[in-house]
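[1] any chance you could fold what I've pasted below:
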Amino acid sequence: MDGYVDTAEVIDRFPGLAGHEESDLIAAIVSTAEDIDNLAGRTFNLSTASARLFTVCDTYLVKLGRNEIGGSAGVVVKTDDGSGAFATTIAASGYSLEPVNALAYGRPFTAIRRLGAMWPYATTSNSRQERLQITAPWGWPTIPEGVREASLVLINARLTNPGAVQSESYDDYRVVYGTIAVRTARRLLARLQRPLVA
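    As a prediction, the model looks like this:
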C-alpha cells in the first residue's frame with residue numbers, strides 16, 4: 001500500500017524529521033495511510049484496474065459501496081448468465097457511471113446505472129444471474145487536499161511523539177485515538193468519511 005504523501009513532502013513540511021531513518025518515515029507514511037482509510041471508510045489511492053463482484057439489488061442502479069471507481073478508462077462490466085463465467089460484456093453505451101460529473105470535481109464514481117435495459121436479476125432456478133463483474137481502476141482520481149494534510153499532521157505526531165497516535169483494530173475497522181493531531185486529522189477528514197451503516 002502506498003501513502004498519501006512522500007518522504008520529501010514530510011521533510012519539507014517538518015524539517016525536524018530529517019534526522020529520522022528513511023525506513024521509519026516510510027513506515028509512518030504507510031501506517032498513517034491505513035489509519036486514514038479505516039477512519040474514512042474508503043481508500044483514496046487509485047489502483048490499477050482489477051475485477052470485483054457485485055450483487056444487483058436494483059433493476060437499474062448498482063451502488064458500489066466502499067468500491068469507488070476513480071476513472072472511466074478501462075471500465076468493463078460483465079454479467080453472469082448463471083454459469084459463473086461472466087461471459088456477457090455490457091457495451092459502454094449500455095451503462096452510465098454516476099455521478100456523471102464526479103471526475104470533474106476530483107471525486108470517484110459511486111454507482112453504475114443501466115441504460116436501455118435492466119440489470120439481470122435472480123430467478124428461482126438460478127440465483128447467480130444477479131451478479132456483475134466490474135473491472136475498473138478503484139479509488140479516487142486525485143488525493144483530496146484534506147487527506148494529504150491529515151497525513152502530514154499524523155505522521156509528524158507519530159514520529160515526534162510515538163505514544164500520541166495509537167490505534168486498535170476491530171474486525172474491518174481501526175480506531176485511531178490520541179492527541180490534538182488526531183482530532184485535527186478527524187476534522188480534516190470529516191467531509192470525506194463514509195457514514196457507518198448499522
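
[2] any stretches of the chain with poor pLDDT?
    Along the chain, the model assigns pLDDT under 70 to residues 1, 122-129, 162-179, 195-198.

[3] ok, 90 please
    1-2, 13-22, 35, 37-43, 55-59, 65-66, 79-88, 118-131, 153-154, 156-198 (pLDDT under 90).

[4] domains in it, as residue ranges please.
    Following automatic domain parsing, one finds the domains of the chain at 7-44+146-192, 49-137.

[5] tabulate these in CSV, adding columns for mean neighbour count.
    For glycine as for every other residue, the C-beta is placed from the backbone atoms N, C-alpha and C. What follows is the domains of the chain, written out as CSV (neighbours: other Cβ atoms under 10 Å):
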stretch, mean neighbour count
domain 7-44+146-192, 17
domain 49-137, 15
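
[6] apart from its neighbours in sequence, what residue is nearest G3?
    I29 (3.4 Å; Cβ to Cβ, 6 or more residues apart in numbering).

[7] and the gap between that neighbour and I11?
    Applying Cβ to Cβ, to the nearest Å, the value for I29 to I11 is 11 Å.

[8] try A117
    A117 sits 54 Å away from I11, going by Cβ to Cβ.

[9] same question for L97.
    38 Å.

[10] got it, and N101?
    N101 is 37 Å from I11, by Cβ to Cβ.

[11] cool, and I112?
    Per Cβ to Cβ, I112 is found 42 Å from I11.

[12] over to E22?
    Using Cβ to Cβ, one gets 10 Å for the distance from E22 to I11.

[13] do the same with L61
    According to Cβ to Cβ, L61 and I11 sit 46 Å apart.

[14] helix or strand for I134, which one?
    strand 131-137 (DSSP states H and E).

[15] one more: L25?
    Using DSSP H and E, the element containing L25 is helix 22-40.

[16] please enumerate the helices of the protein.
    7-13, 22-40, 145-160, 180-189 (DSSP state H).

[17] what angle separates the longest one from helix 145-160?
    If I follow you right, that is helix 22-40. 130 degrees (axes from the mean of the first three to the mean of the last three Cα atoms, to 10 degrees).
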